[in-house]
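# below are the sequence and a predicted model; questions follow.
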Amino acid sequence: MQRRAMLKGCAAAIAVPMFATGCDVLGGSAKAVDELAFDPGAFTMETKTVATFERDKKVTYQFYESAVYVAKPVDKAHQSLSVSVPVEIDGAGVDASKAPILLTTSVAGYRSSSVTSSEPDDGGDRTKNSDLALAAGYVVVASGVRGRDLVAPDGTYYGVAPAAIVDLKAAVRYLRHNSGRVPGDTDRIVATGVSAGGALSALLAVSGDSRMYDRYLAELGAADASDVVFAAAPYCPVTDLEHADMAYEWNWGANPLRSGELDAAASRELSTAFTDYQAALELQGRNGFGRLTAANYGNYLVRTYLEPAATAYLTRMPNAERSSYLAANPWITWSGDRAGFTWPGFLSHVGARRKGVPAFDAFDLSSPENNEFGAGTVKARHFTPFSLRRATGDPGAQLDTDLPEKISLMNPMFFLRQRNSGRAKHWRIRHGTRDTDTSLAIVGNLAASLENLGDEVDAAMYWDAGHGSNEDPEDFIAWIGKVTGYAG
Ligand code: DHB
């Protein structure tokens, strides 16, 4: 519908992509205007020194500070992206015209993010990955997106679900629409982010070319191009939100809060619900483990992620340090250069959990996720029947009718259960073992779902590391080169 309206009276525009095309009548003759054309000349030349594993590298790069990626933006400050293109590394010229594109989102807490210089929002580890990618000769695109904190003057929350993922998809479509104008290989886009940004990068990568977002993309005047990405590297993805409370209590239910009491009855009820959820996923564990269930998942995590993480950590340590770590942690056995322990031993080692009960759909609507599922002028809503019914005291209460679809549009597991064929087939997932922002099973299920579909998955955890950790950035950069087949 919208496509036709935009093309009306502009026959000359038919050959160019539709959503991106406006129509200008100048001197009586119709002229097609590509409102979403990337301007290859709109850069400044910048230089930075990047500390890499081997040495400091001096990188000279073209910096495109801010390109609006939709034809009908509702918020240009957030719906824009920056592009960095290396042209010289340590004095040697590089040609990044066919390099992989690292697409980063700096979303945290489902809040908005912006690439405009007035709102710097990039931080620590993310910057490290971007800088290393640049120093490796890759193109780096940082995309701003709307988020739950944005409120219009009339009180409308215009960045709540599914705005952030719609924006990321629009950014990918913009890049592909500009293939050949924007430097880099738009068929080798690697999406990455941390926490809520990790969740969004995973969602972007599993939902490639799903028609379910078309209405939202059309409203923004997104480019009429594919939004498939090639690979994804989510860090500690806080995802599968409508099942995250169950998974959290299954995982951290016996762990105390730093202060205050937990609602033990609610914790038990949620944990019990996880049993059915996990069974319904029908996932097979890695390395012939068999069907993943609530009963065996602790052992699965220990064998698949936790013991290897501890082993790698202890192996790196000098002998004396390792001996003292092991002496302080007698629940860990060390034999044949391998760490061994039980799931309960691990849980008590982690200690206090970060979040209360429920961890995500808070009874008092105070969580970031309650806000993420707000709508219109309503700041926050329940997104699970469990919390809605508990909070209202109405055992028959139903979620608002718009929510089931929006919840699916925000959940990578939904698209994995659909076996969406437009998903990325190359994955790298990282998570800290001390990260209690979500359940380790949420991350395990994301990885297992991808593995069960036959995708290439490099999923691992960092021992004793917390939320947002990134302990092997050089490996990430090498992984990009390997999966994209880019020689550099
Ligand atoms: C983030 C952390 C959370 O605990 C959460 O619930 C959502 C997002 C974050 O760091 O992005």
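Structure received. Keep in mind the model is a prediction, meaning the values are calculated, not measured. Numbering: from 1, shown residues only.

# ok, now how distant is the residue in the stretch 301-450 of the chain that the ligand sits nearest to from residue 108?
Here the stretch 301-450 of the chain gets closest to the ligand at one residue, residue 437, 3.6 Å apart by C-beta to the nearest ligand atom. Any C-beta I mention is one placed from the backbone N, CA and C, and that applies to glycine too. With distances taken as C-beta to C-beta, to the nearest Å, residue 437 is found 11 Å from residue 108.

# overlap in contacts, the two.
residue 195 (C-beta atoms under 8 Å, 6 or more residues apart in numbering).

# got a list of what the nearest residue to residue 230 once chain neighbours are set aside touches?
Counting by C-beta to C-beta, 6 or more residues apart in numbering, residue 230 lies nearest to residue 188, which is 4.9 Å off, once chain neighbours are set aside. Contacts of residue 188 were listed using C-beta under 8 Å, 6+ apart, and they are 99, 100, 101, 230, 231, 484, 486.

# which of those sits closest to residue 422?
Within the contacts of residue 188, the smallest distance to residue 422 is 11.3 Å, found for residue 230 (C-beta to C-beta).

# contacting residues for that closest one?
100, 187, 188, 189, 190, 424, 425, 426, 483, 484.

# pick out the most distant pair among those residues.
Taking C-beta to C-beta, no two of those sit farther apart than 100 and 425, at 14.6 Å.

# higher neighbour count, the two?
residue 100 (27 against 16; other C-beta atoms under 10 Å).

# which parts of the stretch 251-400 of the chain sit against the ligand?
368, 369 (C-beta under 6 Å from any ligand atom).

# what do you get if the cut-off is 8 Å, keeping everything else the same?
Within reach of the ligand by C-beta under 8 Å from any ligand atom, the stretch 251-400 of the chain has these residues: 354, 355, 359, 360, 367, 368, 369.

# got a list of what the fifth one touches?
Right, the one you point to is residue 367. 359, 360, 361, 380.

# swap in the fourth one?
In this structure, residue 360 makes contact with 241, 244, 245, 248, 367, 369, 384, judged by C-beta under 8 Å, 6+ apart.

# residue 73: how many residues sit nearby?
Residue 73 has 17 nearby residues by other C-beta under 10 Å.

# go on, residue 395?
Neighbour tally, residue 395, other C-beta under 10 Å: 8.

# now do residue 470
Neighbour tally, residue 470, other C-beta under 10 Å: 19.

# surely it touches residue 236?
No - counting by C-beta atoms under 8 Å, residue 470 stays clear of residue 236, with 9.4 Å between them.

# which neighbours do the two have in common?
Common neighbours of residue 470 and residue 236 (C-beta under 8 Å, 6+ apart) are 194, 430.

# got the contact list for the residue in the stretch 201-350 of the chain that the ligand sits nearest to?
Closest to the ligand within the stretch 201-350 of the chain is residue 238: 4.2 Å, counting by C-beta to the nearest ligand atom. By C-beta under 8 Å, 6+ apart, residue 238 lies in contact with 195, 196, 198, 199, 244, 437, 438, 442.

# do the same with residue 474
Residue 474 touches 52, 53, 132, counting by C-beta under 8 Å, 6+ apart.

# so how far is residue 132 from the second one?
In other words, residue 53. 9 Å.

# do residue 453 as well
Counting by C-beta to C-beta, the gap from residue 453 to residue 132 is 29 Å.

# which one of the two has more residues nearby?
residue 132 (23 against 15).

# what's the neighbour count on residue 65?
By other C-beta under 10 Å, neighbour count at residue 65 equals 16.
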